[in-house]
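> Okay, sequence plus prediction incoming.
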Amino acid sequence: METLVYIALFAPLVGSLFAALFGMRPKTLWTGVVTSLLLFVSFLASAMLLKHVYTVGAVHAELMDWIVAGDMRVPFGFTVDEVTAVMMTVVTLVSTVVHIYSNGYMEHDKGFNRFFSYLSAFVFSMLVLVMSDNFLGLFIGWEGVGVCSWLLIGFWYHKPDVGRDVNPSISPSWAANEAFIMNRIADLGMLIGIFLIYWNVGSLNYQEFFAAVPQLSHGMLVLIGIMLFIGAMGKSAQFPLHTWLADAMEGPTPVSALIHAATMVTAGVYLVIRAHPLYSEIPEVSYFIAVLGTFVAIFAASMALVNRDLKRIIAYSTLSQLGYMFAAAGLGAYWVALFHLAAHAFFKALLFLGAGNVMHAMNDELDIFKMGGLKKVMRWTYTYMGVASLALAGIWPFAGFYSKDTILEAAFNEQSYGIWFVLWLTAGLTAFYSFRLVFLTFLSDERYKQYGFHPHEVQKYVLWAMFPLGLLAVIFGWWKEEFMAFVTRLLPAYEMSEHTEHMVWILIIVTMAIAIGGIVVAYIMYAKRLRRNERIEQSLPYRILSNQYYIPIFYEKAFAKPYAELSDIAWKEIDQQVVDATVDGIARVIEETGDGTRRMQTGNLSDYLKWMAAGALILAVLAIIVAMNH
């Protein structure tokens, strides 16, 4: 089984290195084919490990010693248990589909080979993150996905500010830097948490730390929990470190699918689930996580209500669904959070790849107000995005229904009725904005004709590559009981109270009602034609939502500009006037001394003898002075 562990882990790395060999050359189709095949090999190995963990138990592997210093020993160790096996299978399956899809999406891009090198490295980093058996290994994968996300979000770094109707001031390189810097800020908190773990336990191994948790003081556990969660907030884009997620849409669409469905943003949720023995001991921190997740759920959904950018609407839905996951984890329903993470991965990847099809058909146009009527020429994409939107809205019998309803039941079960109400309301908003997107893009009047677009469906093999995601978006929820039985061998078995069991059908009906209501309202407003009301669009609430509550502007004025001005002052007054002046002064003294002493070299033997005599005299005087002092 150790061999399968290494195959699953290193197959994407081999693909990345292979593609890197051709990184600066013109497009080589084999780079896309080979990297896709190696991702499929990784998926097969992950699936086999999932079966082994299900039937036999966890697999542990230790590649070699990594850090050995005094009493500190950190190996390259990997553990494939119930949680890891689920994460590996989800990550590799979605990544395989994204790789195959990218062969079509990026076929005309000059950086084709380089793109696949980055994409496979991204998957490898995520696998390191989820497979490591210690916090330091997790941190290496954590930083790896950060670097790869920077490379991929800014992949089209040569593009200037886009200058379109929506998001006119964002360029890929700016978005990549924003994501990288914001995550580095959060990662400092996580790194402090890791230091605290080693300081108090003397080990970074998961099992050793979790075994020591009951012996640590409550205050220290709270501090460690907060620091680790700060890292999770950055990676999973929780408020107030959320702005990078929507801006990251400037990267290629397959990157968006991978970031939102299987890799980067799910890492924060995974960390909280993995560290459940810690968070179970600090209920006040866990409750804060639940409240923050609930706030983010409705906060992101509200911004999606008015947005016109196809990809940003889906990005806000990811942010909202991450809020659901954190709400479940914070309430102690860790297996439910993992279940929603897996279900969300399938229908969210499908949504993004469908959005990529629309962009391909519309010459990279993203404004849904310029689309409409695409169902006639893109029936397969319409079907896929319709299925994914039904799953996202939580409509029975699609996957999102089972996972999202279970989160709402957990909130009700904990008697957190405020959390339940906000999540319930968010379910209605989610259904509305999801089908607002579908209706304005695929139904409604054919507005694209007045803009001169000639849309068409993508290649058939791309559509077939999306089929597994479409199937899982429908049927994955049917395995809820089996999933629960499997992962609760490791995670706490969250159980509903008798009161909640009696209320479960009422909760389901109420939630379904608001979700269906959201779809109906969207249909009435947008299915026939685009309805715009200038009075509403000029109103204060609308402008607040369309400007993301003015938070990016606040960050720009409160942090970015003052920091830039401070840096400018430091450069002029400290760097130039002090540092550079000191270095230049030393150089000038040495230069002038050298220039003065150069005159001793006259070529005249008599002058040299005089200097030698003078030197001997000085040495003699110094010797006499030293002797007299002794």
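Arrived safely, thanks for sending.
> Any figure for the gap between residue 575 and residue 567?
Applying Cβ to Cβ, to the nearest Å, the value for residue 575 to residue 567 is 10 Å. Backbone N, C-alpha and C define where each C-beta goes, glycine included.
> Same check on residue 110?
Counting by Cβ to Cβ, the gap from residue 110 to residue 567 is 34 Å.
> quick one, strands of the chain?
With strands called from DSSP state E, the chain shows them at 59-69, 72-80.
> of all the ones you listed, which lies closest to residue 478?
strand 72-80 (25.0 Å; Cβ to Cβ).
> now that closest one: mean pLDDT?
Across strand 72-80, the average pLDDT comes to 89.
> Can you list the buried residues in that strand?
74, 75, 76, 77, 78, 79, 80 (16 or more other Cβ atoms under 10 Å).
> Name all residues that make contact with the residue nearest to the last one when sequence neighbours are not counted.
Beyond its immediate neighbours in the sequence, the residue positioned closest to residue 80 (Cβ to Cβ, 6 or more residues apart in numbering) is residue 59, lying 4.4 Å away. Listed by Cβ atoms under 8 Å, 6 or more residues apart in numbering, the contact partners of residue 59 are 1, 2, 4, 5, 49, 52, 53, 79, 80.
> which ones are touching residue 172?
Counting by Cβ under 8 Å, 6+ apart, residue 172 makes contact with 153, 154, 155, 156, 157, 159, 250, 251.
> Let me know the pLDDT of it.
pLDDT, residue 172: 90.
> Likewise for the one 3 residues further on?
The confidence metric pLDDT takes the value 92 at residue 175.
> And for it, the neighbour number?
21 (other Cβ atoms under 10 Å).
> Surely it is in contact with residue 155?
No: at 10.6 Å, residue 175 does not count as touching residue 155 under the criterion of Cβ atoms under 8 Å.
> coming back round to it: tell me the one of the contacts of residue 59 nearest residue 584?
residue 79 (56.1 Å).
> returning to that earlier point: overlap in contacts, residue 175 and residue 155.
Joint contacts of residue 175 and residue 155 (Cβ under 8 Å, 6+ apart) are residue 251.
> As CSV, the strands of the chain with distance to residue 326 would be great.
Below are the strands of the chain laid out as CSV (distance: least, Cβ to Cβ, whole Å):
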stretch, distance to residue 326
strand 59-69, 29
strand 72-80, 24
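> Look up phi and psi at residue 532.
phi -120, psi 140 (degrees, to the nearest 10).
> which residues touch stretch 109-121?
Against stretch 109-121 from outside (Cβ under 8 Å, 6+ apart): 12-13, 15-17, 19-20, 22-28, 31-32, 35, 38-39, 95, 98-99, 102, 106, 144, 148, 151-152, 155, 252, 254-255, 258.
> what about residue 157, neighbour count?
13.
> Isn't it up against residue 173?
Yes: counting by Cβ under 8 Å, residue 157 touches residue 173, with 4.5 Å between them.
> wait, isn't residue 373 in contact with residue 443?
Yes: using Cβ under 8 Å, residue 373 is in contact with residue 443, at 7.0 Å.
> Contact partners for residue 1?
49, 52, 59, 61.
> where does the second one sit relative to residue 476, distance-wise?
Put plainly, it is residue 52. Using Cβ to Cβ, we find residue 52 at a distance of 21 Å from residue 476.
> Look at the two and report which has more neighbours.
Neighbours around residue 52 and residue 476, counted as other Cβ under 10 Å, are more numerous at residue 476. The numbers are 25 against 16.
> so what's the more buried one up against?
342, 343, 346, 399.
> what's the closest of these to residue 544?
Distances from residue 544 to these, taken by Cβ to Cβ, are shortest for residue 343, at 31.7 Å.
> which intervals of the stretch 151-300 of the chain have sub-threshold pLDDT?
Applying pLDDT under 70 to the stretch 151-300 of the chain picks out residues 161-169.
> hey, where'd the helices end up in it?
172-201, 206-212, 218-235, 243-247, 253-261, 266-274, 276-279, 283-304 (DSSP state H, counting those that start in this stretch).
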